[in-house]
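**Student:** no sequence for this one, just the structure:
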């Protein structure tokens, strides 16, 4: 996507980069779109970099990503729906979702609380807080999830071997 400027059509939820702190972009604000990857947008507003979730893109006059989950009517949280949510979150630099990239080490469900153990491709990754924020935001959209806890772990260290074969092919790691 080529860098372009838009005007926020309505108040738009965003998260500051790299802290992941939630913020709101006021309606009528000029927004520079720097990157569109994995359904999310990295934007600049008044010199501050922010991330706008694709589900909120309509507030910027862009096509919103529609993420829907079937409410199965049993008031339970289902692991397959959490995995579905995680497959909609992409690494900001590698166009592969977090689950296939091998960054998700575990998913535990306790009642209506989801606990996600994840890592980063490198311990010094500056986008770590944003990715954690993305996980919390998207997993919270799963029916019956009342709380999302994300634990960042570095043991074992991530390696390309943790990627699915499909992700390795997509990244060009098979020769």
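**Tutor:** Okay, I see it. These numbers were taken from a predicted model, which means no experiment stands behind them.

**Student:** can you pull the buried residues of the helix or strand of the chain with the lowest mean pLDDT?
**Tutor:** Sorted by mean pLDDT, DSSP states H and E, the helices and strands of the chain end with helix 165-171, the least confident at a mean of 86. By neighbour count with 16 or more other CB atoms under 10 Å, helix 165-171 contains the buried residues 167, 168, 170. All C-beta atoms are positioned from the backbone trio N, CA, C, and that covers glycine.

**Student:** again, but for stretch 93-101
**Tutor:** Going by 16+ other CB under 10 Å, stretch 93-101 has these buried residues: 94, 96, 97, 98, 99, 100, 101.

**Student:** and for stretch 27-40?
**Tutor:** Within stretch 27-40, the residues scored as buried using 16+ other CB under 10 Å are 31, 33, 36, 38, 39, 40.

**Student:** could you redo those as a markdown table and give each row secondary structure and pLDDT?
**Tutor:** Shown next, in a markdown table, are the buried residues of stretch 27-40 (DSSP: H, G, I helix; E, B strand; the rest coil; pLDDT from 0 to 100):
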| residue | secondary structure | pLDDT |
| --- | --- | --- |
| 31 | strand | 97 |
| 33 | strand | 93 |
| 36 | strand | 83 |
| 38 | coil | 66 |
| 39 | coil | 75 |
| 40 | strand | 85 |
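
**Student:** how about the residue nearest the centre of the chain, nearest residue that isn't a chain neighbour?
**Tutor:** In the chain, the centroid-proximal residue (CA atoms, centre = their mean) is residue 134; its distance is 3.3 Å. Closest residue to residue 134 apart from its sequence neighbours, by CB to CB, 6 or more residues apart in numbering: residue 89 at 4.8 Å.

**Student:** ok, the one you found - contacts?
**Tutor:** Counting by CB atoms under 8 Å, 6 or more residues apart in numbering, residue 89 touches 38, 40, 97, 98, 131, 134, 135, 138.

**Student:** also residue 163?
**Tutor:** Residue 163 is in contact with 96, 100, 101, 102, 171, 173, counting by CB under 8 Å, 6+ apart.
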